[in-house]
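1. Structure of the sequence below:
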Amino acid sequence: MSRDRLYFRPIPQAHGGRWRLAGGWTGFSQFERLQRGHEPVIVDSAPQDLIHALTRPRADLLGLTLDRPRLMGIVNATPDSFSDGGSYDPAAQAKALVAAGADVLDIGGESTRPGAAEVRAAEETARILPVITAGAKAAPVSVDTRKAAVAHAALQAGAGMVNDVSGFDFDPDLPGVVVRASVPVCLMHAQGLPDSMQDDPRYDDVLLDVYDALEARIARAVAAGIPADRIVIDPGIGFGKTEAHNLAILRRISLYHGLGCAILLGVSRKRFIGRIGGADLPADRVAGTLALTVAAVGQGIQIHRVHDVAEHAQGLRLIAALNEDGKTGT
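-> This next block holds a predicted model:
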């Protein structure tokens, strides 16, 4: 970690702009230059290689173009997820989310909520395989797992992507599974393990620390043989982060486009939304989640992992109707 390193965050603008952000719906003409220990400075230029990374169109994901936001519907095949564990039949929920407008299904069999204990691979696999088989008939499927054995079984059953909340920190065999299957992977940032990650998370500068950590994860994945255009990144809102950390990332999340990968955001129904918005129950945090999603869409974030697909699909349709090109934007 160098305190002299400069970071350049594209400042999104709703219409026009000198450049297009990640080849998508958001423009930008200026940058916020960031440096540890210094106040941000607005500038008109940045290194050419960074501008290339910021403007290069992102590769299609599971057959979906990323020139407009995509909704990833959450399907928890778990009895103990923080929001909806055990409250529905997962296979039926998968079909319902696709009907509501989900572009992708993210199916998981192990809760990674704060305080959650690890689940054995055999049990996790048994929970998700029937759901993946059913869901893959309706939409592209991502498997939400940290484990190589679970990912291998899920890919065999019809999943087309791996979503690893540990960013390859948990199971050293998982990169090899992804390489052999030639599938995309989402690498998330997390500080610590679910059972203790919220005990006392600390950062020097959370926005920049997470950037550096994701950059290292991308480099490790590429070194393992995964092409960069198959890598999606997730800053890991709520994973080893306080409310202040979450807000600091969300305010300037467009910084992470500089890593050259598509970005996935998972804020759905999270506890800090309830604390700020006055909603004790996770199911009552839909409006707060949608507000954060709309703000992130305005910063060019491509993939939004949500529980409440119908409400978000409606919101995105209204944003698209307001935008010049009919795709989206704010």
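2. Can you tell me the SS state at the residue nearest the centre of the chain?
-> With distances taken as CA atoms, centre = their mean, residue 264 lies nearest the centre of the chain, 2.3 Å away. For residue 264, the assignment made with DSSP: H, G, I helix; E, B strand; the rest coil gives strand.
3. That one against residue 236, yeah?
-> No. Counting by CB atoms under 8 Å, residue 264 stays clear of residue 236, with 9.9 Å between them. Using the backbone N, CA and C atoms, a C-beta is placed for each residue, glycine as well.
4. Which strands and helices lie in contact with the helix ranked longest in the chain?
-> Longest helix of the chain, by residue count under DSSP state H: helix 206-224. Helices and strands touching helix 206-224, by 3 or more CB pairs under 8 Å, 6 or more residues apart in numbering; DSSP states H and E, are helix 174-181, strand 185-188, strand 231-234, helix 243-251.
5. ok, back up a step: got any residues that touch both of residue 264 and residue 236?
-> By the contact definition CB atoms under 8 Å, 6 or more residues apart in numbering, residue 264 and residue 236 are jointly contacted by residue 188.
6. Quick check: end-to-end length of stretch 16-27?
-> From its first residue to its last, stretch 16-27 covers 6 Å (CA to CA, to the nearest Å).
7. make that stretch 54-63, sorry
-> Across stretch 54-63, first to last residue, CA to CA, it's 22 Å.
8. Report the contact partners of residue 308.
-> So residue 308 contacts 268-269, 286, 289-290 (CB under 8 Å, 6+ apart).
9. Let me know the helix or strand that residue 131 is in.
-> helix 121-135 (DSSP states H and E).
10. picking that back up, filter the contacts of residue 308 down to the buried ones.
-> 268-269, 286, 289-290 (16 or more other CB atoms under 10 Å).
11. hmm, which two among the residues you listed are most spread apart?
-> 269 and 290 (10.8 Å; CB to CB).
12. Return the distance of residue 257 relative to residue 176.
-> Distance, residue 257 to residue 176, by CB to CB, to the nearest Å: 29 Å.
13. Over to residue 151?
-> The gap separating residue 151 from residue 176 is 10 Å, by CB to CB.
14. likewise residue 108?
-> Going from residue 108 to residue 176 by CB to CB gives 21 Å.
15. Between the two, point out the one with more neighbours.
-> It is residue 108, of residue 108 and residue 176, that has more neighbours when counted by other CB atoms under 10 Å, with 27 against 15.
16. Return the backbone torsion pair for that one.
-> Dihedral pair for residue 108: phi -130, psi 150, per degrees, to the nearest 10.
17. May I have the beta-bridge partners of it?
-> Taking DSSP bridges, one obtains residue 76, residue 144 as the residues bridged to residue 108.
18. which residues touch it?
-> So residue 108 contacts 74-78, 128, 143-145, 163 (CB under 8 Å, 6+ apart).
19. Below-threshold pLDDT in the stretch 51-200 of the chain: ranges please.
-> 80-87, 114-116, 192-200 (pLDDT under 70).
20. just the strands in it please.
-> With DSSP state E, counting those that start in this stretch as the criterion, the stretch 51-200 of the chain has strands at 70-76, 104-108, 141-144, 161-164, 185-188.
21. of all those strands, which lies closest to residue 97?
-> Closest to residue 97 of the strands of the stretch 51-200 of the chain is strand 70-76 (CB to CB; 3.4 Å).
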